[in-house]
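# Sequence unavailable; structure follows:
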């Protein structure tokens with residue numbers, strides 16, 4: 001940000017001057033905002049002091065948040081915007097920053113118009129007379145007001161263009177002048193004798209109202225009469241006042257607490273200057289308010305307080321003291337608003353949140369002064385003064401201020417709740433309670449002041465949030481949302497007790513092992529539909545030995561895999577490991593993947609065969625067209641663009657390429673998973689599955705899910721209710737509940753031997769239908785006679801039990817395959833029973849050959865072996 005560093009500003013004078021001046025300038029004759037006579041006249045001393053205490057309690061809660069954030073690290077330029085954006089992210093910070101900038105611009109115009117009105121009140125010629133009298137030489141009128149305002153704005157512009165150092169000296173001088181003006185008021189209360197005043201106000205039409213008011217000096221009787229409230233008609237607005245309206249008006253004069261913080265880029269030590277200057281300024285103005293309230297309530301009767309908000313000039317030992325104080329305070333507030341707004345705009349431009357329109361505002365002079373941002377602010381403030389009257393805009397400015405203060409409280413609350421170790425501010429007088437109270441009180445005050453503007457400002461904030469979110473601005477500031485999510489996830493993971501697991505709340509938690517995503521994308525997309533809101537982890541084993549490597553090669557790969565997950569649009573985690581073998585690495589992942597109650601209960605592998613895999617990256621436009629990358633995501637890719645993503649994953653395996661995995665090791669992985677009580681699925685031909693992409697509109701209405709719950713390699717098995725068969729049914733039902741398969745038809749095939757002398761299959765069919773009703777599974781049941789298939793099965797010799805993995809004839813395997821093709825050739829996906837793998841690795845090749853023969857040419861097929869009960873029929 002700015003390289004300007006000024007010793008005077010480091011003392012906090014800027015913030016103190018702006019807040020103090022705001023208190024005095026609001027006491028001008030032309031405005032009732034915050035005037036002691038206005039508040040005490042209508043609300044009385046007791047309610048007036050109560051209002052001050054409540055108002056300063058509200059802003060003090062925000063001050064605690066400001067001090068906490070500003071002492072937690074280096075604060076650069078932008079003040080409130082910098083605090084909010086670096087805590088809540090660019091979307092929220094940019095939205096609040098822009099609104100706060102506009103509020104500052106409007107405030108600058110408001111202060112300039114207030115100063116011009118105060119000048120014209122003293123030096124303005126009578127509009128009804130064309131003759132100048134005494135010092136009243138300035139011609140009045142709309143265009144003359146704009147002209148005088150332009151001259152004052154030009155003066156502010158020149159000061160701000162020179163730089164913060166000249167402003168700091170000007171602000172310090174103004175502080176001294178204002179202090180002298182305040183001292184003159186207190187001295188006058190003792191030195192000036194009691195007086196009587198005749199006050200006239202013009203009413204509707206040609207009516208004139210006359211009032212007799214008196215200044216009594218210090219009087220116990222006057223003090224007693226002014227203790228209670230006497231809400232009446234406000235002569236400046238012709239509306240009857242109430243506690244809420246008076247409090248809202250008074251509160252608008254207490255919203256200058258960010259004056260010093262907005263110049264954070266010009267401070268030598270912001271973490272020291274901001275808390276000290278802001279706290280001193282608040283104590284200073286609070287003391288002034290209370291003393292002025294007591295002073296006017298003890299020296300002025302009610303009529304004077306209600307009918308003349310500028311009476312302090314009347315009773316001063318030298319009236320120009322008050323006049324000069326008003327002039328100086330208004331000028332200081334205007335300059336402070338201009339320089340503060342320019343710093344916010346400069347910070348927004350540096351962060352490139354709003355693109356080209358604000359880009360020039362990032363330009364600075366050799367000394368670091370953002371002179372282009374100052375010109376932007378001056379031009380907008382010049383447009384504001386053309387309005388001529390800003391009574392309505394004043395409420396909007398205050399509402400924007402309060403919204404910014406609520407955002408600062410929210411930022412501090414988020415940092416406190418996130419409990420990040422690096423959030424350790426040196427200012428400790430705050431807690432999440434003060435932050436939360438600050439947010440609530442700021443929001444309440446917004447709607448007390450103006451409900452319409454408050455609602456509109458929140459709508460504007462939401463629109464800006466959506467705009468910035470759509471633009472996807474980059475940031476390396478860290479995301480408080482991630483810290484909050486981590487904090488909450490850790491807390492709930494500790495509450496997720498695995499000892500309290502129950503089968504009726506079971507859901508699939510999947511570890512999908514991926515060798516090369518180029519050939520596995522369709523399977524990744526399919527499993528994303530199969531997870532049913534459960535844990536989904538993409539696992540990958542990098543072959544190698546860490547002892548022989550200078551560093552862990554796995555750590556650099558995570559961003560590429562996470563970018564792949566983003567590209568595919570799946571809700572999956574990524575877990576990578578380094579291991580000498582794929583089998584050992586898979587064991588590692590099965591044991592350590594997940595946390596607490598969120599650990600995989602299912603392992604899914606691609607099928608082991610000799611077919612040449614297809615390259616999905618060459619088929620999907622999202623992986624081929626680099627223009628899509630630039631158009632949709634811009635730079636928001638965490639350092640992984642499309643070309644580097646394509647280059648990271650190696651080409652698919654060719655026929656001659658060596659295999660990383662032997663059949664024995666592959667079957668060993670399946671056996672290991674079953675021994676670890678994990679369910680196992682093998683997916684084959686999923687490269688043929690279409691319509692699983694994130695942009696696909698498929699709803700499953702033209703799809704069919706076929707389920708074969710019987711172990712087809714053991715015809716003697718007729719148990720449709722064993723754990724594995726029920727698990728297979730459950731997984732098919734889970735798929736049928738997902739978005740892209742919701743309207744798919746599910747068919748369950750029951751294999752029966754109709755020519756057998758035992759006709760128990762009829763009873764089994766009815767039993768199975770009852771089971772489906774209990775399990776609430778909607779599916780059609782198809783009876784498939786397979787006598788012709790079973791006759792090819794080799795029967796065991798008498799007295800010898802059947803081997804679970806005995807050699808099966810090619811005729812039998814071919815017959816089973818033909819049966820599946822005949823009945824399920826049109827299905828979108830098939831669920832088959834996966835027999836338990838052989839215990840000895842020497843039978844691994846035979847086992848694989850049998851599976852390959854049975855599923856040959858079927859299309860997308862999932863072979864499933866379940867080991868855990870997953871169905872439940874009770875409530």
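Received, thanks. As the structure is a computational prediction, the values presented were derived from the model and not from experiment. Residues are numbered from 1 along each chain as shown.
# residue boundaries of the helices in the stretch 251-400 of the chain?
Using DSSP state H, counting those that start in this stretch, the helices of the stretch 251-400 of the chain run over residues 270-299, 302-307, 320-350, 371-385, 391-418.
# Pick the most deeply packed of those helices.
Using mean count of other CB atoms under 10 Å, the stretch among these with the largest mean neighbour count is helix 320-350, at a mean of 26. C-beta here means a position set from N, CA and C on the backbone, and glycine is covered the same way.
# So residue 238 versus residue 582, what's the distance?
According to CB to CB, to the nearest Å, residue 238 stands 85 Å off from residue 582.
# how about the helices of the stretch 251-400 of the chain in TSV, adding mean pLDDT and distance to residue 181?
Below are the helices of the stretch 251-400 of the chain laid out as TSV (pLDDT from 0 to 100; distance: least, CB to CB, whole Å):
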stretch	mean pLDDT	distance to residue 181
helix 270-299	90	11
helix 302-307	90	20
helix 320-350	89	3
helix 371-385	92	25
helix 391-418	84	23
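# Save the ones you listed as CSV, and put in distance to residue 41 too.
Formatted as CSV, the helices of the stretch 251-400 of the chain follow (distance: least, CB to CB, whole Å):
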stretch, distance to residue 41
helix 270-299, 8
helix 302-307, 3
helix 320-350, 18
helix 371-385, 30
helix 391-418, 19
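# picking up where we left off before, which one of residue 238 and residue 582 is surrounded by more residues?
The residue with more neighbours, out of residue 238 and residue 582, is residue 582; 21 against 10, by other CB atoms under 10 Å.
# what sits against that one?
Counting by CB atoms under 8 Å, 6 or more residues apart in numbering, residue 582 makes contact with 515, 541, 543, 660, 661, 665, 669.
# mind redoing it with 10 Å?
Residue 582 makes contact with 513, 515, 540-543, 660-662, 665-666, 668-669, according to CB atoms under 10 Å, 6 or more residues apart in numbering.
# Narrow those residues to those in strands?
In strands, judged by DSSP state E, the following of the contacts of residue 582 are found: 513, 540, 541, 542, 543.
# was I right about the last one contacting residue 583?
Read it as residue 543. No. In this structure residue 543 lies outside contact range of residue 583 using CB atoms under 10 Å: 11.1 Å.
# And the two? Which one has more around it.
Using other CB under 10 Å as the criterion, residue 543 and residue 583 rank with residue 583 on top: 20 against 12.
# tell me what the helix or strand hosting residue 158 is packed against?
Here residue 158 sits within helix 142-162, counting by DSSP states H and E. Applying 3 or more CB pairs under 10 Å, 6 or more residues apart in numbering; DSSP states H and E, one finds that helix 142-162 contacts helix 90-123, helix 164-191, helix 320-350, helix 371-385.
# any idea of the mean pLDDT in it?
Averaging pLDDT along helix 142-162 gives 91.
# Measure how it sits relative to helix 164-191, angle-wise.
120 degrees (axes from the mean of the first three to the mean of the last three CA atoms, to 10 degrees).
# mind checking how far helix 142-162 is from the chain centre?
How far helix 142-162 lies from its chain's middle: 40 Å, per CA atoms, centre = their mean, to the nearest Å.
# buried sites along it?
Burial within helix 142-162, assessed by neighbour count using 16 or more other CB atoms under 10 Å, is assigned to 145, 146, 148, 149, 150, 152, 153, 156, 157, 159, 160, 162.
# what sits against the second one?
Right, the one you point to is residue 146. Residue 146 touches 113, 116, 382, 385, 386, 387, 388, counting by CB under 10 Å, 6+ apart.
# Residue 315: which of the residues you listed is nearest?
Closest approach between those and residue 315, by CB to CB: residue 116, at 25.0 Å.
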